[in-house]
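> Just a sequence and a predicted model for now, questions to come.
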Amino acid sequence: MKKTTLHLLATYLLILLSLAGISTSTQAATGAAIPTFVYPLLHIPRIDVEGYGALDLNLQLEDPSRLILSISSQQSANGAVAPGATFNLQSGVMDLPLMRMGNNFYAVQLQSIVGNKFQVTQIKPAALAGKAGYMQMCSGCHGADGLGGTLGISLQNCGWCKDLESLAGYISASMPLGNPGLCVATCASDVAGYISTAFNVSNTSQVASTLGAIEVMPAAETLRKASMQLVSRLPTQAELALVNSKGDEGLRTVLAAMMQEPAFYARLSEIFNDRLLTNHYRTSNSAEAAINLMSGFPNARWYDPGKDLRDVIYTANRAITNNSVATEPLELINYVVRNNLPATEILTADYFMVNGYSAKSYGIADVVFNDEWDPEEFRPARLTGVRHSGLLSSLMFLNRYPSTVTNRNRARARVVYDLFLDVDILALDGVRPDGSAVDIKSAAPTMENPDCVKCHGLLDPVASAFQDWSDRGKYAPPTKWYADMFQAGFGSQSLPATHKKNALQWLAGQLAADPRFDTAMARIIYKGLTGQEPLNPPGASATTAETEAWLAESSMLDAAKASYKADKRNLKTLIREIILSPYWRADGLTDAGFALVHADTGSTMLLTPELLHRKLNALFGFEWRGPLDSYSTVQNVASSARLLDPRTYYQQIYGGIDSFAVTERLTDPNGLMANVQERMANEMSCYAVPNDFLVASASRRLFPYVETSTTLADDNSQSAVKANIQYLHRYLLGEELALDSSEIAYTYQLFATVLKDGQSKLGNKSESASLPARCIRSKDMFTGLSLNMTGGKDGRLLTDPNYVVRSWMAVVAYLLADYRFVYE
Amino acid sequence: MKRRTFLNVLAGIGVSNALPMTLISPAFGATPERFLITISASGGWDPTAFVDPKGNALRADGRGPINNYAASAIKSAGNIRYAPYPTSVVPPAITSPGHLDNFFAKHHQRLLIINGIDTQTNSHESGSRFVWSGRLEQGFPSVGALVAAPFASQPMAFISTGGYDYTASLVSGVRTSSAGTFAALAYPNSQFADSATNRKLGYFSESAYSAVQASRDARLARLQSAESLPIRSAQMQQLELARGSDGDLERLLAKLPVTVSAGIKGHAEVAVAAFASGLAASANLFQGGFDTHATHDVSQANALTQLLDGIDHLWNQIELRGLQSKVTILIGSDFGRTPFYNMGAGKDHWNVTSVMAMGAGVTGNRVIGSTSENFQALKLNPGTLQPHSLGVTVTPKHIHRALRDYLGVSDDLNRQFPISAEPLALFG
């Protein structure tokens, strides 16, 4: 019905046009909010009417056959919006120089008639001045509708496209790819205007509708999730009280405090390493992986006393030093964030980071440490004569993305575009004609062959800006650079002569000034916090749902970026705003009709091995790395932690990365991973449950309401068991359940079933009163001393005569492999 | 049985459409009968140092020789010509299974070489994507994932140890580890999984453990039915599918060596044991070291020795399990290397490459496709597979089209991930 009526209207418009014999008018596209007709409403964001002021009008199509519309609503217009229509009180004529309907534009006049109504009297197509240029030069990559075409580079809802001056400048300088300079001055202004007008009309109401369908998690629940995600601990009572009393404002305060904690920086490093992959050089891959890259630093292995004198101190210092060198780029990011510096400083920093260990390796003596043996104390430093440029000049970054005599830093340039500008150069290469992937006929194909120039025109100026750094990351300015490739620059900017000696620093400044840098940061943070990449621009073949999903999500990210930019590009602000967004807090849909639109909405993700490891430690007070009676004797924690060790245990199997061959995390569990979950649940319940009963109830993490003798013999014990089950659901899963809820009843039933069965087996001697061997507790977990000290109380827990401990083990194992535990 | 019930429930509440089509096909839950192993020689191998040898004649354009060995030194085993080691390279031990002579002497009767494949790119990412998915652009699953898709319910349906292993959500890739790890996972309720004697000692009695598992499954079903957020609903489906394979790993343990080898050999052992146990349908193995922009001859030879040694070991494992007629092996690389040396005695990226196949569906002692003297792809007649100037240039999509046809990739999957290429009778 809707489609038929719209078709009818379009038909009438065409008839009107043909009768009038009117030619197309050419309008300069200003980027102002223009009136838009979406059946059955004509929305005029602003019309100035004498005596009424600036109005925001909605007119409803009342009679399609006669093109009569009536005013359906009016309110004061946003004063910042330029008027898109005029009204002459004397003649009663409303003039809309530009009205959008679908992807088309018209100049429209309406005449006031009786009853607060208007009739369309004149309509003619309006060709926007930049349209022809856009179609000719831009639509191939961006699509005729601006939704990204085959390459998926969308111009719709493009935050910085709304700044006409910047956009025109960018077009002049950089577009079209491989041929900048083709469209400058008026051409650039017109195309910018067309992009702004045609593709970036307000979609506020549509976005609001999409976002409104998300059921947002309450503040307290958000707090628990954020606390686990950012600092791997439960919220404190004080934090919870603040959030309960002040809601989102309290949440902001708590998040700000959490982002001061050391644990937050460990998490931040994980998030960034998933992109940078510089942890490839940590000792987990090779004992001296990073140190081995330090050719030219004679003191790199300062910790080595010589083959015959190596001892445990040597081993420890070697590991700490290697990891201190390996994590330098991530520590730079931590430093920038910790000190609320602009995120751009991760590129523009004219320093790098050392602690007391790595400073010795680098031969740096002028940095003052509070404690030179504190591996956590990183401070900025400079190497004599070296022009540092943040991550770009980091020895680890340059080695992780090495170059060769023929590659000439192009791989590095590709990574720079990808990581710091959110541009996938490889997506530009497309399908090449048969046999022409490598051109050896041209003298300099990357400069002469148009197929090559398309990418190399972007890539090679950035690659050339790395010329002062060797293939393996040493600062070694060459005497001359290759003439047969594009020289250092960025976009259409050539490296100024005054910056010949600090080309990389100049490039960092260019990257920092590029609005795409902020998009790249948002992408990294969003992926880290949700486990998902931001949605790709929908492209030409997208469904309506995909387009709506992308518009809403990108609007949310634009808003988060705006806050972050307003706070001097503070990454903490970006993290906070994403966490507070309905996407991160999505807890359901209020309208099932939005299921397709919100197919990817939400931040619940399978916990990474590292996050799951820390969650277990936070909840139980010990790590998953074997029986507690031998906990203190295990020397090498990293190689015994079940979720951190990649070789003997499960870090790889559970979807972790090694930052080298395996660089993408598994996000969906497979059969092996499900078995890892099961083993984790069984082992941890075996360790944690008996262990918790060793101490007084007030000090327990898991069982404040019951004892090992609490069976289901009477009402009181039954109530205590239920209360403890309710507590466990809250403590382990974050679920707030009423005592009479069905989930409490189900868990209670499990407890009762196992208890009854076990007691029966105890009675007929088919099962022993002894706890399973791995679960008994006879030594202090941390000191290894016997719990049965001579002359003191026997604090051991060896038996379970009532089968209560094992019944609770069953309950805890049930909860630990639950969806809500292994996903967060 | 449990899975089918689960899927019936899904169908009943109208969510089965959200599942990948392979998961609701009749093959769901079936045990694979054909297996695929892809081996990625990552970085871009040099066919001219291997199965498309050229020799050291100087190029007419002044770029020097293609190889540092004489054309007269080129060797052959049956119909397969292969390169000798360059003069500057110290070959591996003559007893090494990775030595070119040993490898071809032993395996040439089962090897199919496809030369002159144009990858149309010199980018690692694009090249590996094209070679292993059949499509240069993003979005297609690796062929290993495609083949494993109908068996997604198996706990290790698609084993991948790195490289291009995009799955398009058809199946979840599995990474492997040591034998002891598998024992612990095969018996998650055992306190002493490594000990055959004490393995039966569980954390829980069998009845208690059954109660825990039943409660867990019932709870997941309740959560699913109450969930309105699509992404969580999908995650719960995945978790349910993953859980459905409890206990299957015991079969794997019986087929694994006591000590699993390191590197590609160990991955081969796990993959074949998983095939023999009916737990996996495909495996994607990875061997790096081929991106030889400098000191090409030595580095390429070293990488090749490791690769061939691994392939030989893989074949031994396949024979040990009697799977020769069921396992197809496809070995390839991102692209090739330039038919000339650069200033650092290295070779850079070149779009022409070769692929090697062996095992089920492969007629060995055969070479298809060819290249010019300057190592450019020559066209062939798609009907006769002989060189023909008016024929087609072979690209990875041709290999994939033929492989899919042989392995019986479903129409549904072919429609979902279509490949348009002339059919070539490469397999079967």
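Cool, the structure landed.
> For the stretch 201-350 of chain B, just list every one of the helices.
Along the stretch 201-350 of chain B, counting by DSSP state H, counting those that start in this stretch, helices occupy B:206-226, B:230-243, B:249-255, B:263-276, B:296-320.
> With chain A in mind, check whether the third one reaches it.
Yes: contact between helix B:249-255 and chain A is present through B:Leu249 (criterion: Cβ under 8 Å from any Cβ of the partner chain). In this view, the C-beta of every residue, glycine as well, is placed from N, C-alpha and C.
> Remind me what that helix packs against, helices and strands.
Helix B:249-255 makes packing contacts with helix A:671-692, helix B:179-186, helix B:263-276 when contacts are defined by 3 or more Cβ pairs under 8 Å, 6 or more residues apart in numbering or on different chains; DSSP states H and E.
> Lowest average confidence across the ones you listed, which one?
Lowest mean pLDDT within those: helix B:179-186, at a mean of 79.
> does the nearest residue to A:Asn116 once chain neighbours are set aside count as helix, strand or coil?
Nearest residue to A:Asn116 in three dimensions, chain neighbours excluded: A:Ile71, at 5.1 Å (Cβ to Cβ, 6 or more residues apart in numbering or on different chains). At A:Ile71 the chain is in strand, as set by DSSP: H, G, I helix; E, B strand; the rest coil.
> now swap in A:Asp48 and tell me
The three-state assignment at A:Asp48 reads strand, by three-state DSSP.
> Would you mind listing the residues in contact with the residue of chain A found nearest chain B?
Nearest residue of chain A to chain B, counting by Cβ to the nearest Cβ: A:Gly671, 2.1 Å away. With contact set as Cβ atoms under 8 Å, 6 or more residues apart in numbering or on different chains, A:Gly671 has these partners: B:Gln154, B:Pro155, B:Met156, B:Val174, B:Ala242, B:Gly244, B:Ser245, B:Asp248, B:Leu249, B:Leu279.
> Neighbours of the closest residue to it other than its chain neighbours, how many?
Closest residue to A:Gly671 apart from its sequence neighbours, by Cβ to Cβ, 6+ apart: B:Pro155 at 2.1 Å. The tally of other residues near B:Pro155 (other Cβ atoms under 10 Å in any protein chain shown) stands at 28.
> how about the residue nearest the centre of chain A, phi and psi?
Closest to where the C-alpha atoms of chain A average out (Cα atoms, centre = their mean) is A:Tyr526, at 1.5 Å. Per-residue torsions, A:Tyr526: phi -60, psi -40 (degrees, to the nearest 10).
> ok so, going back, okay if I get the helices and strands packed on helix B:249-255 as a markdown table plus distance to A:Ser470?
Formatted as a markdown table, the helices and strands packed on helix B:249-255 follow (distance: least, Cβ to Cβ, whole Å):
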| stretch | distance to A:Ser470 |
| --- | --- |
| helix A:671-692 | 42 |
| helix B:179-186 | 41 |
| helix B:263-276 | 30 |
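> out of these, nearest to A:Ala465?
helix B:263-276 (38.0 Å; Cβ to Cβ).
> buried residues in that closest one?
Residues of helix B:263-276 classed as buried by neighbour count (16 or more other Cβ atoms under 10 Å in any protein chain shown): B:264-276.
> report the angle between the axes of it and helix B:296-320?
Helix B:263-276 and helix B:296-320 are oriented at 30 degrees to each other (axes from the mean of the first three to the mean of the last three Cα atoms, to 10 degrees).
> which residues touch helix B:263-276?
For helix B:263-276, contacts defined as Cβ under 8 Å, 6+ apart pick out B:32, B:35, B:37, B:39, B:156, B:159, B:161, B:176, B:178, B:182, B:252, B:255-257, B:260-261, B:280-281, B:283, B:285-287, B:306-307, B:309-310, B:313-314, B:317-318, B:320-321, B:323, B:326-327.
> Keeping just the C-alphas, turn stretch B:335-343 into CSV.
Extracted C-alpha coordinates of stretch B:335-343, given in CSV (Å, rounded to 0.1, in the frame of the first residue of the first chain):
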residue,chain,number,x,y,z
PHE,B,335,52.3,-16.7,-4.9
GLY,B,336,55.7,-17.2,-6.5
ARG,B,337,59.0,-15.4,-6.6
THR,B,338,60.5,-13.2,-9.2
PRO,B,339,62.4,-14.9,-12.1
PHE,B,340,65.5,-12.9,-11.2
TYR,B,341,67.4,-12.0,-8.2
ASN,B,342,67.4,-8.6,-6.4
MET,B,343,70.3,-6.7,-5.1
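> Do a quick rundown of the strands in the stretch 51-200 of chain A.
Applying DSSP state E, counting those that start in this stretch to the stretch 51-200 of chain A gives strands spanning A:53-63, A:68-76, A:85-88, A:93-101, A:104-113, A:117-128.
> As JSON lines, those with mean pLDDT, mean neighbour count and distance to A:Asp629 would be great.
Listed next are the strands of the stretch 51-200 of chain A as JSON lines, based on pLDDT from 0 to 100; neighbours: other Cβ atoms under 10 Å in any protein chain shown; distance: least, Cβ to Cβ, whole Å:
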{"stretch": "strand A:53-63", "mean pLDDT": "88", "mean neighbour count": "17", "distance to A:Asp629": "73"}
{"stretch": "strand A:68-76", "mean pLDDT": "88", "mean neighbour count": "15", "distance to A:Asp629": "72"}
{"stretch": "strand A:85-88", "mean pLDDT": "88", "mean neighbour count": "17", "distance to A:Asp629": "81"}
{"stretch": "strand A:93-101", "mean pLDDT": "86", "mean neighbour count": "20", "distance to A:Asp629": "73"}
{"stretch": "strand A:104-113", "mean pLDDT": "87", "mean neighbour count": "19", "distance to A:Asp629": "77"}
{"stretch": "strand A:117-128", "mean pLDDT": "84", "mean neighbour count": "19", "distance to A:Asp629": "77"}
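> can I assume B:Val51 is in contact with B:Asn115?
Yes: the pair B:Val51 / B:Asn115 is scored as a contact, 6.7 Å apart, by Cβ atoms under 8 Å.
> circling back: quick one: closest of the helices and strands packed on helix B:249-255 to A:Leu426.
Of all the helices and strands packed on helix B:249-255, it is helix B:263-276 that lies closest to A:Leu426, at 26.9 Å by Cβ to Cβ.
> Figure out how far the closest one is from the centre of its chain.
Centroid separation between helix B:263-276 and its chain, computed with Cα atoms, centre = their mean, to the nearest Å, is 12 Å.
> Look at B:Ser420 and say how many residues are nearby.
B:Ser420 has 6 neighbours, counted by other Cβ under 10 Å.
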